[in-house]
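>>> fold the stuff below for me.
(chains A, B, C and D)
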2 protein chains.
Amino acid sequence: MSQEVSARSSRGEQTRRAIVAAALRLFRENGYEATTMRAIAKEAGVATGNAYYYYGSKEELIQEFYVRNQAEHAAACRQVLAEQTGLAARISGVLRALVDVQAPYHAFAATLYKHAAEPASPLSPFSKASSPTRNAAIGLYAEVIAGARIRVPASLRSRLPELLWLYSMGVVLYWAHDTSPGCQRTYQLIDSTAPVAERLVRMARLPGLRSLTRQLLSIAGGTLH
Amino acid sequence: MSQEVSARSSRGEQTRRAIVAAALRLFRENGYEATTMRAIAKEAGVATGNAYYYYGSKEELIQEFYVRNQAEHAAACRQVLAEQTGLAARISGVLRALVDVQAPYHAFAATLYKHAAEPASPLSPFSKASSPTRNAAIGLYAEVIAGARIRVPASLRSRLPELLWLYSMGVVLYWAHDTSPGCQRTYQLIDSTAPVAERLVRMARLPGLRSLTRQLLSIAGGTLH
DNA sequence: GTCTATAACACGATAGAC
DNA sequence: GTCTATCGTGTTATAGAC
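This is a model prediction of the structure:
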């Protein structure tokens, strides 16, 4: 009761916040490897062992980065989703916002995806631990489609959000490798692929491509269960 | 002179081989993390410091895994490339061989791609350090195309080997995440996507798809320089 | 140049006392 | 919940033997 009410700003919760704040700041400034758990604990004003009481591992602290990012991305998309009605414009707007939001963490993100790539890791975007974040992201792409002036072929309708999410993962992977100034090449990639994506959606209905679409979807269905 | 001749089986080369053999065996049996440098050195019958004399880090030992794999894969493909003439059959044969060769290292490979995913890492398949292995692999896919009874549209010809290599990387990524018994799902993925790949190559020539093909290729061109 | 032996360091993570 | 002390790790350093 009163315990639960005060739980949000309880001492434990304060400590937790201090730890994650210190971690994210140090990660951004010094990168992942260079930031030691000892430094995080010291910066947060707690003992090393205490940091482990709240976060079972250094990697677990990264989940917080994901969660925060997803929230910031959703917020950064609002305007584009409210104003744009073309599918390509909505897609590129959302992807540009994704890159914008992560920009301050570019160097950090590069080292981060090292850990995300391990299939067994809870940090993998395909893992069970990531499913809340993943579902939130897929929901965002459902909104991208729903608000666009376009007739999505029935065959595609249910799966298109997942496919757009997969597409966004590819963009993020590209971005992580992108060393061009200001990550121009990633923005170019977004601007050149978004119209193609819209075109592919429209073409999926053409008679000559129907069976191909069906084939590709059944493969994707098996992959993303 | 005589120094160089005997260099191949010199004491140093023997030690080197002993270390890498011990490392790969322990990696396969116990995984990457569980295998310590101390254990590798002990298994190879050398001092810990000596292992570091030959391999600057634990990760460097993984490059040997790549090199060995590439060679085994090329050998495993010979029969398929000699016998099959259909593009889809050649592709699926080569990809099946790729999975077959790596099968004993499935669990190990899953933890390995953690390191490969880091853009800055020399283990990244896109890195400069990996370019010999990558070029050898791309050359293999050039052979896949050259020996197939198919007319590849001029627009595609120069870039298709790279694209097939990229496709193979996707299959390997899927395989690393595949937990189905015997990795059946990966084999299914190969068998269902290879015919689609052939179909896409044939369709690239159709008038309605020409401009789309050109668009997609210019994107891929920017990506893979 | 090749190799051994041994010690030491900083790190991620854990145990157990308070 | 919080601490201190400690473990096992990758890695480096040193000093020297063949």
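>>> which helix or strand lies directly C-terminal to the helix or strand bottoming out on mean pLDDT in chain A?
One helix or strand of chain A scores below all others by mean pLDDT, DSSP states H and E: helix A:2-6, with a mean of 49. Counting by DSSP states H and E, the next helix or strand C-terminal to helix A:2-6 is helix A:11-30.
>>> which residues sit against that next one?
With contacts defined as Cβ atoms under 8 Å, 6 or more residues apart in numbering or on different chains, helix A:11-30 is touched by A:7, A:35, A:39-41, A:43-46, A:50-51, A:54-55, A:61, A:64-65, A:68, A:104-105, A:108. C-beta coordinates here come from the backbone N, C-alpha and C atoms, glycine included.
>>> which of the residues you listed are buried?
A:35, A:40-41, A:43-44, A:46, A:51, A:54-55, A:61, A:64-65, A:108 (16 or more other Cβ atoms under 10 Å in any protein chain shown).
>>> I'd like those residues written out as a markdown table, with distance to DNA strand C added.
Shown next, in a markdown table, are these (distance: Cβ to the nearest atom of the strand, whole Å):
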| residue | distance to DNA strand C |
| --- | --- |
| A:Thr35 | 7 |
| A:Ile40 | 8 |
| A:Ala41 | 9 |
| A:Glu43 | 12 |
| A:Ala44 | 13 |
| A:Val46 | 12 |
| A:Ala51 | 8 |
| A:Tyr54 | 11 |
| A:Tyr55 | 8 |
| A:Leu61 | 9 |
| A:Glu64 | 14 |
| A:Phe65 | 15 |
| A:Phe108 | 14 |
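>>> can you tell me how far the spatially closest residue to A:Arg205 that is not a sequence neighbour is from B:Arg199?
Among residues not flanking A:Arg205 along the chain, A:Pro153 sits closest, at 4.5 Å (Cβ to Cβ, 6 or more residues apart in numbering or on different chains). Computed as Cβ to Cβ, to the nearest Å, the A:Pro153 to B:Arg199 distance reads 19 Å.
>>> pretty sure A:Leu123 contacts A:Glu64?
No. Counting by Cβ atoms under 8 Å, A:Glu64 is not a contact partner of A:Leu123; they are 11.4 Å apart.
>>> give me every residue that touches A:Asp191.
A:Ser92.
>>> if you count contacts, what does the top helix by length along chain A end up packed against?
Counting by DSSP state H, the longest helix found in chain A is helix A:60-83. On a contact count with 3 or more Cβ pairs under 8 Å, 6 or more residues apart in numbering or on different chains; DSSP states H and E, helix A:60-83 meets helix A:11-30, helix A:87-102, helix A:106-116, helix A:131-146.
>>> give me the element A:Gly166 is part of.
Heads up, residue A:166 is Leu, not Gly. Here A:Leu166 is assigned to helix A:160-177, by DSSP H and E.
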